[in-house]
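**Q** no sequence on this one, just coordinates:
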């Protein structure tokens, strides 16, 4: 290899210190610490100011962003569950029913639909949702709305 | 940040506040303004409806609230705490009772100040200038706007009266759940 032949000087042999080496056309080659920095700065795109470019500032911001992402993955599940319940409540109120008794009757019936599917039906497939409401109403012998 | 929902289906509701209990009526009005009666509800978007309330001064308070309920505000100057009983508030600004009840039930954010508050139309007495916007007999669905998304139109009537722009060529896929 060129480094074994002596064509490229050994790492650390230059006046720049142990990390740097100079090749024939005086271009300094960065070594392992800079690779670690580059890997972290990949995750700091879009950050404000020096936090997107300078490692020692970015490392704090990126670690905080990872903490937010960890928390956010758990919050996302809660938020969507909440939204689906609000949408099912609104959809079921069109047939003068409320969410709590609807879910109770859903559990007693054979339907295995979950809140995600029910919310999507209520919003985009009104005929399907109406038939679901009627089927569940029949299983609990509810008076027709 | 853009609140106006493009292609959102907005309805006009007429409510007669004559002899209605203030708080109980305010709950229903605030739900309509926020859009929580729609299965296409989005918390970050303006999906609510217009609400026209007539006879806003003929609302009812139970108990001795006309004498004892106080409306308080601070002018910003030291010693500037002012208050009025509900009866005095009725004499000075009749629609303020129902308005403060409804707006107190909405979260204080830009969505409420810029969008919901403007869609609440309170009128003292039985007259209102919105006869052209309100439906004549039954609820009419507004015509489909060209930019409405798949999650913004709902209800059986919207499918029977007008072809849903997204229902015609719609093949259900997991991508459609992205909007949820």
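**A** Arrived safely. If you're wondering where the values come from, they're calculated on a predicted model, not measured in any experiment.

**Q** which elements pack onto the helix or strand where residue A:119 lies?
**A** Residue A:119 is part of helix A:115-124, with elements assigned from DSSP states H and E. If you count contacts as 3 or more C-beta pairs under 8 Å, 6 or more residues apart in numbering or on different chains; DSSP states H and E, helix A:115-124 packs onto helix A:55-93, helix A:126-139. To be clear about C-beta, it is placed using only N, CA and C from the backbone, and glycine gets the same treatment.

**Q** tell me the contacts of residue B:135?
**A** B:11, B:12 (C-beta atoms under 8 Å, 6 or more residues apart in numbering or on different chains).

**Q** still on that earlier bit, now the helix holding residue A:119, how far from the centre of its chain.
**A** 22 Å (C-alpha atoms, centre = their mean, to the nearest Å).

**Q** give me the distance between the closest residue to chain A within chain B and residue A:84.
**A** Of all residues in chain B, residue B:39 sits closest to chain A, at 3.8 Å by C-beta to the nearest C-beta. Residue B:39 sits 10 Å away from residue A:84, taking C-beta to C-beta, to the nearest Å as the criterion.

**Q** those two: which has the busier surroundings?
**A** Between residue B:39 and residue A:84, counting by other C-beta atoms under 10 Å in any protein chain shown, residue B:39 is the more crowded of the two (25 against 20).

**Q** hang on, that one in a helix?
**A** No - using DSSP: H, G, I helix; E, B strand; the rest coil, the assignment for residue B:39 is coil, not a helix.

**Q** and the helices and strands packed on helix A:115-124, which is most packed in?
**A** Ranked by mean neighbour count, these are led by helix A:126-139 with a mean of 17 (mean count of other C-beta atoms under 10 Å in any protein chain shown).

**Q** hmm, that one touching chain B?
**A** Yes - with C-beta under 8 Å from any C-beta of the partner chain as the criterion, chain B is reached by helix A:126-139 at A:126, A:127, A:129, A:130.

**Q** need the pLDDT of the first one.
**A** Model confidence at residue A:126, given as pLDDT, is 91.

**Q** what of the third one?
**A** Residue-level confidence at residue A:129 comes out at 95, pLDDT.

**Q** correct me, but the residue of chain B closest to chain A touches residue A:87?
**A** Yes - the pair residue B:39 / residue A:87 is scored as a contact, 4.9 Å apart, by C-beta atoms under 8 Å.

**Q** between these two, which contacts overlap?
**A** In contact with both residue B:39 and residue A:87: A:119, A:122, A:123, using C-beta under 8 Å, 6+ apart.

**Q** where's the dip in pLDDT among those residues?
**A** Ranking those by pLDDT, residue A:123 lands last with 91.

**Q** quick one: neighbours of that one, just the number.
**A** Count around residue A:123 with other C-beta under 10 Å applied: 26.

**Q** over to residue A:42?
**A** 9.

**Q** shouldn't it be within a helix?
**A** Yes - counting by three-state DSSP, residue A:42 is part of a helix.

**Q** who touches it in this structure?
**A** No contacts exist for residue A:42 under C-beta under 8 Å, 6+ apart.

**Q** before we move on, what about residue A:105?
**A** So residue A:105 contacts A:136, A:137, A:139, A:140, A:142 (C-beta under 8 Å, 6+ apart).

**Q** out of the residues you listed, which is nearest to residue B:111?
**A** Nearest to residue B:111, judged by C-beta to C-beta, of these is residue A:136 at 33.6 Å.

**Q** what segments of chain B are helices?
**A** Ranges of helices in chain B, per DSSP state H, are B:22-34, B:65-68, B:86-92, B:96-104, B:110-111, B:156-161.

**Q** in TSV: the ones you listed, plus distance to chain A.
**A** Listed next are these as TSV, based on distance: least, C-beta to the nearest C-beta, whole Å:
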stretch	distance to chain A
helix B:22-34	9
helix B:65-68	29
helix B:86-92	31
helix B:96-104	19
helix B:110-111	15
helix B:156-161	5
